[in-house]
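Colleague: coords please:
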Amino acid sequence: MIRIVTDSTCDLPEEALATHRIAVVPVNLQFGQESFEEGITLQREEFYQKVDALNAIPQTSQPSPGQFAAVYDAVRREPGVDAIISVHLTSRLSGTYDSAVLAAAQMPAGPPIVPFDSHSGSMGLGFMALEAAKMAEAGAAVAAIISRLEEVRRRMAIYFSLQDLRYARMSGRVGAVQALLVSLLDIKPMLTVVEGELKLARRVRSRRQAIPIIVDALTAVVGDRPSRVAVVHAQAPDVALEIKEVLARQTNPIEILVRDLSIGIAVHFGPGAVGVVGYNP
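Modeller: Alright, predicted model coming up:
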């Protein structure tokens, strides 16, 4: 039996993680001297409350090799485990994958551990972890699962629109002056992920323009072929549901998931951020 490990930026529903027995390694967050593990000692609502109260966002850091080793060891001890595939947030934006590689190399002899760089995040990563888990349940070999993940990675499309640049400014993603100018002009950056790197796709003058543009961008990729699609958001459920309705009309979805962004991603994008993620299976 092959087991799948991922990290807390995957945005998968708890029921999917439990059903497919996907183990999760938490991203670390630190408010001043207080340290937290995403989804374990810090939940989303607490996170936003702390940011508002302190007017500061936490520093994020990848799970340590020790945290990975603890999860790997626990999974290896389960009866019938032959191998672990560990699927993680893009190495171009985080050291999470590197920590997984280091931990895997340091583990004592036992079932092999194969780290995989998703070149993605949020539900892009989530979809890959889910595909890997379903293939493992069907009896696929490690090589077949990795080959499939490489194919899905090439097909994955991700587009985001940011509403509040305060978080991006505090996290260092944009400078204070640039953030102020963009806010005054009501410009909404549209971001995409290209080969694991976050890129500015275009600047849009208003939120009203931004939403159809990210939807059309995803539609142009998946077309009218069957697709798996997700809408992700940071404290913008109404906008996310509107986007879901449009995607249901414009695309040919096998499923459309609506998910809250993980703290590890929302800490950089800020409240009001919305994104669309999808690929053709």
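Colleague: Following the chain onward from the helix or strand of the chain with the lowest mean pLDDT, which element is next?
Modeller: Within the chain, confidence by mean pLDDT, DSSP states H and E is lowest for helix 176-184 among all helices and strands, at a mean of 42. For helix 176-184, the following helix or strand on the C-terminal side (DSSP states H and E) is strand 188-194.
Colleague: ok, Gly272 - contacts?
Modeller: Leu162, Gln163, Asp164, Ala234, Gln235, Ala236, Val239 (C-beta atoms under 8 Å, 6 or more residues apart in numbering). Backbone N, C-alpha and C define where each C-beta goes, glycine included.
Colleague: how about 7 Å then?
Modeller: Gln163, Asp164, Ala234, Gln235, Ala236 (C-beta atoms under 7 Å, 6 or more residues apart in numbering).
Colleague: For these, point out the one with the lowest pLDDT.
Modeller: For the contacts of Gly272, the weakest pLDDT value sits at Asp164, with 70.
Colleague: Going by secondary structure, that one is in what exactly?
Modeller: Per DSSP H and E, there is no helix or strand for Asp164.
Colleague: Distance-wise, check it relative to Leu261.
Modeller: Separation of Asp164 from Leu261 (C-beta to C-beta, to the nearest Å): 13 Å.
Colleague: For those two, indicate the residue with more neighbours.
Modeller: Leu261 (27 against 17; other C-beta atoms under 10 Å).
Colleague: Against Ile211, how distant is the more buried one?
Modeller: 16 Å.
Colleague: cool, and Pro115?
Modeller: 36 Å.
Colleague: Of the two, which one has the most company?
Modeller: Pro115 (22 against 19).
Colleague: Tell me the bridge partners for that one.
Modeller: Per DSSP bridges, the residues bridged to Pro115 are Ser86.
Colleague: For it, list the residues it contacts.
Modeller: By C-beta under 7 Å, 6+ apart, the neighbours of Pro115 are Ser86, His88, Tyr97, Ala100, Val101, Ala104.
Colleague: Pick out whichever of these sits closest to Val222.
Modeller: His88 (24.1 Å; C-beta to C-beta).
Colleague: didn't that closest one look like it was pressed against Asp98?
Modeller: No: judged on C-beta atoms under 7 Å, His88 makes no contact with Asp98 at a distance of 9.2 Å.
Colleague: The two: which has the busier surroundings?
Modeller: His88 (31 against 15).
Colleague: Could you export stretch 130-140 as PDB, CA atoms only?
Modeller: The C-alpha coordinates for stretch 130-140 follow below in PDB (Å, rounded to 0.1, in the frame of the first residue of the first chain):
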ATOM      1  CA  LEU A 130      -6.000  13.600  -4.300                       C
ATOM      2  CA  GLU A 131      -5.100  12.000  -7.700                       C
ATOM      3  CA  ALA A 132      -2.100  10.300  -6.100                       C
ATOM      4  CA  ALA A 133      -4.200   8.900  -3.300                       C
ATOM      5  CA  LYS A 134      -6.900   7.600  -5.600                       C
ATOM      6  CA  MET A 135      -4.300   5.900  -7.800                       C
ATOM      7  CA  ALA A 136      -2.700   4.400  -4.800                       C
ATOM      8  CA  GLU A 137      -6.000   3.000  -3.600                       C
ATOM      9  CA  ALA A 138      -6.500   1.500  -7.100                       C
ATOM     10  CA  GLY A 139      -3.100  -0.300  -6.800                       C
ATOM     11  CA  ALA A 140      -0.900   1.800  -9.000                       C
END
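Colleague: let's number from 541 now, not from 1
Modeller: Shifting the count to begin at 541 puts that one at stretch 670-680.
Colleague: Residues in contact with that stretch: which ones?
Modeller: Applying C-beta under 7 Å, 6+ apart, the contact partners of stretch 670-680 are 542, 544, 552, 556, 560, 562, 625, 627, 684-685, 688-689, 692.
Colleague: and if you look at stretch 773-784?
Modeller: So stretch 773-784 is contacted by 588, 751, 755, 771, 796, 798, 800-801, 806, 809-814, 816 (C-beta under 7 Å, 6+ apart).
Colleague: Right, I'll call it a day here.
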